[in-house]
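1. My questions concern the predicted model and sequence given below.
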Amino acid sequence: GDSVTQMEGPVTLSEEAFLTINCTYTATGYPSLFWYVQYPGEGLQLLLKATKADDKGSNKGFEATYRKETTSFHLEKGSVQVSDSAVYFCALKNYGGATNKLIFGTGTLLAVQP
Amino acid sequence: EAGVAQSPRYKIIEKRQSVAFWCNPISGHATLYWYQQILGQGPKLLIQFQNNGVVDDSQLPKDRFSAERLKGVDSTLKIQPAKLEDSAVYLCASSLGLGQGHGERSGNTIYFGEGSWLTVV
């Protein structure tokens, strides 16, 4: 079945460092891909999305490009801030069936130190 | 616009007791989801409603979990009897549409509540 694999954390960075969180997926057809963020004590928030190959999603300085050839959707940010500390989830949604179900990876904890 | 509301935020119960969680989706959203998020794992879909009908409950442990959405608006998730492994965050989410067919449209975006944190001791 469809699945998402993302790099294990925690990822610890200093402020203004470059961030990459790897995400690869397995799916039939042409899924949409997402990054969700979960700040401490809060629910999941949609960070960015891409709906077809070569699309780039971007928001709040974060970017991810839908790479069908490598089945990847890596999250990047050029300069992280302490406020970016959170858990990041990669997810996919496939439209082959009758549901609108999101399938999540296990999450990657990012800790940014001042 | 008000978001997805959930209650209670936190609950601690003993094993074999029962618990119920309530969710009120964003106004006008036809589709409602309950996800279970165990510590260190990604959220897993338990059940999905379209209005008051069940679309997908394939991963709901039906011997102890039940959910309803009688009037097609708010929903209740119940666990009876609870086990230690049920300790998790229970996330409610909603979307405008069901997302059938191809393509991601604005109506298919899924919005999450803050979650109900359950500890079974």
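-> All right, it came through fine.

2. Burial check on residue B:109, number of neighbours?
-> 16 (other C-beta atoms under 10 Å in any protein chain shown). For every residue, glycine as well, the C-beta is placed using N, CA and C.

3. For it, give me its contacts.
-> Shown in contact with residue B:109 (C-beta atoms under 8 Å, 6 or more residues apart in numbering or on different chains): A:46, B:95, B:96.

4. Report the lowest-confidence entry in those.
-> pLDDT across these is lowest for residue B:96, at 85.

5. How about the residues of chain A by chain B?
-> A:4, A:30, A:32, A:36, A:41-46, A:49, A:51, A:89, A:91, A:93, A:95, A:98-102, A:104-107 (C-beta under 8 Å from any C-beta of the partner chain).

6. tell me the contacts of residue A:12?
-> By C-beta under 8 Å, 6+ apart, the contact list for residue A:12 reads A:111, A:112, A:113.

7. Mind checking which of these are buried?
-> residue A:112 (16 or more other C-beta atoms under 10 Å in any protein chain shown).

8. Return the closest of the contacts of residue A:12 with respect to residue B:114.
-> residue A:111 (21.4 Å; C-beta to C-beta).

9. Chain neighbours aside, what residue packs nearest to the closest one?
-> Leaving out its chain neighbours, the residue that sits closest to residue A:111 by C-beta to C-beta, 6 or more residues apart in numbering or on different chains is residue A:12, at 4.8 Å.

10. what mean pLDDT would you report for stretch A:101-114?
-> 94.
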